[in-house]
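**Student:** Have a look at this prediction, sequence included:
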Amino acid sequence: MFRLSLQIANPEVVRAWRMRAGLTVGGAGVLSIGTLVKQMRALVPEGALQEHFIYMALAIAFVTALPLTTFPRVLSVSVAQLGFATSLMYLGYSLLGVFLPDYRLVLNALLILVAFVFIVIFSSGPVYYYKERSWSDLALGVGNLFVFIGLWLYPLSEIWR
């Protein structure tokens with residue numbers, strides 16, 4: 001059961017995702033969530049960013065990468081990758097204050113498009129599990145994807161209310 005998801009992940013991939021999530025202090029790369037937040041704050045005028053989404057993005061990246069600290073498995077890498085994508089979505093939501101009220105639909109449409117891109121990218125795992133006829137891994141992969149789709153789109157439902 002879960003024979004593919006519980007395989008030991010490539011150590012270089014684990015290291016890269018630890019850095020991106022900010023779990024590794026040394027060598028934090030250009031693609032880390034913390035670096036992206038610093039760059040956003042430098043580009044956007046004071047008070048235009050919705051700070052709570054920034055903190056949520058940092059927390060999501062950190063929490064979803066925690067399993068990588070002790071369990072370097074394929075499943076842990078997948079959760080960290082999905083968490084990183086979720087953090088990017090929440091950084092996008094933090095830009096809501098930059099848009100005039102009549103133009104917030106533009107940001108919503110862009111974020112829905114990004115969510116579709118992420119769905120296409122991350123559906124490759126369940127497709128692989130299907131081809132390998134690993135049904136428990138397929139169920140786990142589809143379940144993970146649905147949870148993260150909900151996390152990506154939940155703020156939109158709150159914004160539209």
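**Tutor:** Received, thanks.

**Student:** and the helix or strand hosting Phe118, how far from the chain's centre?
**Tutor:** Using DSSP states H and E, Phe118 sits in helix 104-122. The chain centroid and the centroid of helix 104-122 are separated by 13 Å under Cα atoms, centre = their mean, to the nearest Å.

**Student:** Show me what it packs onto, helices and strands only.
**Tutor:** If you count contacts as 3 or more Cβ pairs under 8 Å, 6 or more residues apart in numbering; DSSP states H and E, helix 104-122 packs onto helix 74-93, helix 135-160. Backbone N, C-alpha and C define where each C-beta goes, glycine included.

**Student:** Which positions within that helix qualify as buried?
**Tutor:** Buried residues in helix 104-122, counting neighbours by 16 or more other Cβ atoms under 10 Å, are found at Leu107, Asn108, Leu111, Ala115, Phe118, Phe122.

**Student:** Going C-terminal from it, what's the next secondary structure element?
**Tutor:** helix 124-131.

**Student:** Buried by neighbour count: which residues of that next one qualify?
**Tutor:** Here helix 124-131 shows Gly125, Pro126, Tyr129 as buried, counting by 16+ other Cβ under 10 Å.

**Student:** again, but for stretch 69-80
**Tutor:** Pro72, Arg73, Val74, Leu75, Ser76, Val77, Ser78, Val79, Ala80.
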